[in-house]
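Take this sequence and fold it.
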Amino acid sequence: MKGGIGVIVIGLDIGTTSICGAALEVPGGRLLRSVTRPNNAWLQADGVRAEQDPDRILLTVREMLQELTAQYPVAAGIGITGQMHGMLYVDRSGRAVSPLYTWQDRRGLEPADDRGTYVEWLERETGRPIAAGFGLVTHAVLARQGNVPDQAAALCTIADYAAMRLGGGRVPVMNPSMAASLGFFDVEHGRFDTKALNAVGLGEQMLPQVVASATRVGATGQGIPVFHAIGDNQASFLGSVHDPEQSVLINIGTGGQMTAYTGRYCAIEGLETRPYPGGGYLLVGASLSGGKSYAMLETFFRSVLEWFGDGRDVPPLYGKMEELLDRFLPLARPLQVSTRFYGTRTEPEQTGSITGIGPDNFTPAHLVSGFLEGMAEELFDFYKRLPEAMRGRMRQLVGSGNAIRHNRHLRRICEERFGMPLSIPRVAEEASVGAALHAAVGLGVLKDHRSAGQCLTYGYGE
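Next up is the predicted model:
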């Protein structure tokens, strides 16, 4: 550091709906600049196929990176994260030869034979649980249908693709945090389950090399080191949590997640065990609904006003929904709302429900409160699955995602349900900040991933 100025690192987050870049000063943790662009790369989204254009995404990433490095030409490194589970194919020169099949792709739920879907066939043949949208499920469907591009030499996630291309490489590599999101990965030992893949005729030829954490994969044309991608869940945890051992992270955006760190591998029914960069694991309960449930309720209220009003468009009602609870709390006889309206990873056909309806509680205020309570309850159900010893050491609830940041009643409900004070990182771009911290670890500016969050500061509930 010179004159009190730290090292500048850049983090890039390739989300499904938006792409974010952040310039971060470390070790101080000061956000110098952030840039967000919509991800306008959709090719198809019909409820079964969910495909985006990887090169359009790459173009946006390059433009964003150019904007950040123009302002901070002394940037020392670049870290990348992005949407997990999805995949695309590349040829021997490292160019995309297919769309990005995103995590929302549902062709794995189509019939494979007279015994069930592709997901059921894969689970039956391998003995491994799997879900539609996982990259190797989509790959298995395409392979069985003869739709894998002839030029395909390897597959990877969109974040791995961006890291390879930005770094000037031709062959994608993966860290376990991304590799595990494809499915058929032995998380405990950090390698793909080749026995399972061979059992369904996939083999290993399309799989990228799995590399250790903080591996440099290349450099930009300006000579800035580029490090391998990490999963967006891991990046969000890294960019949100000051003390991994004593904190539980809840993220409520479009979906919802409960995440806790453990130094030892363990498998818990109903939770995913995901590799954490630098060692250890994250235990994750993932909701498919989250903020989408609340958005569904807002759309319902708006449609009622539009249909029974004068027909004019009604502006968003989220502020009014909060004001309802400001006026009417506490509420007698609350509604019980299960917010699993979009199913779950293990039961995609499951639906939500509203129960306990009586003549005195079928009101807008009760519905708003019930939906928020249901969102918090779904994440708390995941939390209850953690071992008692792990729950016993938790001292802080960390919140991230737009629904948490923008809804004070949801924050209150989460604090009450989890029985812990809620803290929110001052910097909202958690995933891109986590990617930047990952680059700082790769550069040796920060000691390791577990302690990288010590430079973070909190706002609400601090």
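
pLDDT below threshold where in the protein?
1-5, 460-462 (pLDDT under 70).

what about residue 195, how many residues close to it?
Applying other CB atoms under 10 Å, we find 12 other residues in the vicinity of residue 195. Where you see a C-beta, it was placed from the backbone N, CA and C, and this is true even at glycine.

Just checking the distance from the helix or strand hosting it to the centre of its chain.
Residue 195 belongs to helix 194-199 when assigned by DSSP states H and E. With CA atoms, centre = their mean, to the nearest Å as the basis, helix 194-199 stands 27 Å off its chain's centre.

Which strands or helices does that helix pack on?
With contacts defined as 3 or more CB pairs under 8 Å, 6 or more residues apart in numbering; DSSP states H and E, the packing partners of helix 194-199 are helix 118-126.

List the buried residues of the helix holding residue 195.
Buried residues in helix 194-199, defined by neighbour count with 16 or more other CB atoms under 10 Å: 196, 197, 199.

now swap in stretch 24-35 and tell me
Going by neighbour count (16+ other CB under 10 Å), the buried part of stretch 24-35 is 24, 25, 26, 27, 29, 30, 31, 34, 35.

go on, stretch 136-152?
Here stretch 136-152 shows 136, 137, 138, 139, 140, 141, 142, 143, 144, 148, 152 as buried, counting by 16+ other CB under 10 Å.

Can you give me the end-to-end span of it?
14 Å (CA to CA, to the nearest Å).

which other residues reach stretch 309-327?
With contacts defined as CB atoms under 8 Å, 6 or more residues apart in numbering, stretch 309-327 is touched by 297-298, 301-302, 305-306, 364-365, 368-369, 406-409.

which one of those has the most neighbours?
The residue in the contacts of stretch 309-327 with the most neighbours, by other CB under 10 Å, is residue 368 (27 neighbours).

elements contacting the helix or strand hosting that residue?
Using DSSP H and E, residue 368 falls within helix 364-383. Judged by 3+ CB pairs under 8 Å, 6+ apart, helix 364-383 is in contact with strand 247-252, strand 256-262, strand 281-287, helix 291-308, helix 318-328, strand 336-338, helix 408-418.

picking up where we left off before, between the buried residues of stretch 136-152, which sits nearest residue 175?
Proximity of those to residue 175 (CB to CB) peaks at residue 136, which lies at 16.5 Å.

So the closest one, which state does it fall into?
Here residue 136 is recorded as helix under DSSP: H, G, I helix; E, B strand; the rest coil.

Residue 197 - nearest residue in space that isn't next to it in sequence?
Excluding the flanking residues, the one nearest residue 197 by CB to CB, 6 or more residues apart in numbering is residue 184, at 5.5 Å.

quick one: contacts for that neighbour?
Residues near residue 184 by CB under 8 Å, 6+ apart: 126, 128, 130, 136, 192, 193, 196, 197.

which pair in these spans the largest distance?
Distance extremes for the contacts of residue 184: the farthest pair is 130 and 192 at 13.1 Å, using CB to CB.

What is the most widely separated pair among the buried residues of stretch 24-35?
Using CB to CB, the buried residues of stretch 24-35 span at most 22.6 Å, a distance reached by 27 and 35.

circling back: ok, the contacts of stretch 309-327 vs residue 75, which is closest?
Residue 75 lies nearest to residue 406 out of the contacts of stretch 309-327, by CB to CB, at 30.7 Å.

who touches the closest one in this structure?
residue 318.

any idea how far it is from residue 263?
Residue 406 sits 34 Å away from residue 263, going by CB to CB, to the nearest Å.

Please name the bridge partners of the closest residue to residue 191 other than its chain neighbours.
Leaving aside its chain neighbours, residue 191 sits nearest to residue 210 (6.3 Å; criterion: CB to CB, 6+ apart). Residue 210 forms beta bridges with residue 174, as assigned by DSSP bridges.

mind listing what residue 210 touches?
Residue 210 touches 173, 174, 175, 176, 179, 190, 191, 192, counting by CB under 8 Å, 6+ apart.

Select only the buried ones of these in PyMOL?
The buried residues among the contacts of residue 210 can be selected in PyMOL (16+ other CB under 10 Å) with this line:
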select buried, resi 173+174+175+176+179+192
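
Return the member of the contacts of residue 210 nearest to residue 285.
Residue 285 lies nearest to residue 176 out of the contacts of residue 210, by CB to CB, at 19.8 Å.

Many thanks, have a good one.
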